[in-house]
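A.B. asks: quick check, what structure comes out for this input:
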Amino acid sequence: MQRCRKASRPWTSQKEGAGFGQGGPLDLDDRGVRRPRASLRRATATLTHGPLTIDAGKQFIRWGKADIINPTDRFAPRDFINVVDTEFLAVTGVRAVALHGAETFEQTVTLYAQHKDQLELLEWLQVPFLALLVPAAFAVAWVSRRGAPRLTTAGALVALGGLCAGFGILPGVPHPAHLTVRDGLDVGAVSALSTAVEEHPIVQIGGLLFIVGITIGLLLLGLAMWRSGAAPAWMGWALALGGFTHPFMPGHVAAGIGLMVAAVGFAGASVALLRMRNEDFDLAPSR
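C.D. replies: Model (predicted):
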């Protein structure tokens with residue numbers, strides 16, 4: 001950093017109207033009596049090896065939230081030159097993150113950068129799945145309502161209510177890490193925004209309702225389809241087990257396999273609905 005500071009001063013100008021080398025030096029510290037016209041806000045080198053990620057350089061260290069004073073302000077100071085429009089200041093240091101469980105946002109960004117095309121394709125594949133999820137649940141409820149009316153009603157309320165709540169509240173696709181890589185956004189800023197959104201009570205409630213809809217709702221609808229006899233019994237069990245086990249499957253691949261199993265159950269309901277006669281589809285209108 002010191003070598004970069006010395007090398008930048010001869011040709012960098014911060015004085016308005018002045019040519020190169022006639023103004024002040026490039027401000028790498030981003031501090032002073034006045035805000036500099038040109039400053040280096042963030043410059044880091046990232047090393048990732050297995051579950052360990054090391055960031056070295058000038059960086060923003062922010063996590064958590066508080067009502068008045070955030071303890072991380074000790075590591076992420078603010079610029080109070082303008083008390084109305086305060087800005088966070090980066091600090092020079094080394095940060096190490098050891099992964100245990102789910103990936104951090106920084107590691108997700110690295111993953112998207114390494115497999116951009118494949119992960120973008122997976123996001124596009126989610127579009128028809130999410131678009132057809134509610135109609136598929138409605139199809140199961142419709143074909144099962146005659147043979148198991150109470151179980152179908154309970155499953156439809158839980159499943160459709162949870163799915164609709166999740167679609168309306170949760171951020172959904174595309175993933176913020178994908179947008180960060182595609183548009184060159186600041187990793188620290190997007191990470192802080194993503195964390196703030198995930199920790200918001202409304203989003204957490206929406207996530208809980210969506211999980212309940214997938215697990216309990218599809219479980220009840222699968223049992224209702226099995227009990228009603230509207231489709232082969234194994235299709236009802238596929239829907240019930242595929243949805244219920246989805247959050248508990250280890251890893252994204254296993255969770256995706258669980259949803260594919262549930263999709264088989266949805267397909268059974270769709271085939272049964274298409275084969276249904278008009279007089280069985282609904283009651284005849286009263287005269």
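A.B. asks: would you map the strands across this protein?
C.D. replies: Secondary structure of the chain by DSSP state E: the strands cover 43-49, 52-59, 78-79, 87-88, 91-98.
A.B. asks: quick check: Gly93 touching Ile61?
C.D. replies: Yes: Gly93 is in contact with Ile61 according to Cβ atoms under 8 Å; the separation is 7.3 Å. In short, each C-beta sits where N, CA and C put it, glycine included.
A.B. asks: ok, back up a step: nearest to Leu220, of the strands of the chain?
C.D. replies: strand 91-98 (40.4 Å; Cβ to Cβ).
A.B. asks: and the closest one, what does it pack against?
C.D. replies: With contacts taken as 3 or more Cβ pairs under 8 Å, 6 or more residues apart in numbering; DSSP states H and E, strand 91-98 sits against strand 52-59.
A.B. asks: report the buried residues of the strand it packs on.
C.D. replies: For strand 52-59, burial by neighbour count (16 or more other Cβ atoms under 10 Å) applies to 53, 55, 57-59.
A.B. asks: output it as PDB - backbone C-alpha positions only.
C.D. replies: C-alpha atoms of strand 52-59 as PDB (Å, rounded to 0.1, in the frame of the first residue of the first chain):
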ATOM      1  CA  LEU A  52     -11.300 -20.700   4.300                       C
ATOM      2  CA  THR A  53     -11.500 -17.200   2.700                       C
ATOM      3  CA  ILE A  54      -9.000 -14.500   3.400                       C
ATOM      4  CA  ASP A  55      -9.500 -10.800   2.400                       C
ATOM      5  CA  ALA A  56      -6.500  -8.500   2.700                       C
ATOM      6  CA  GLY A  57      -6.400  -4.800   1.900                       C
ATOM      7  CA  LYS A  58      -8.700  -1.900   2.300                       C
ATOM      8  CA  GLN A  59     -12.200  -3.100   3.000                       C
END
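A.B. asks: measure Lys116 to Val190 for me?
C.D. replies: Shown here: Lys116 relative to Val190, a distance of 16 Å by Cβ to Cβ, to the nearest Å.
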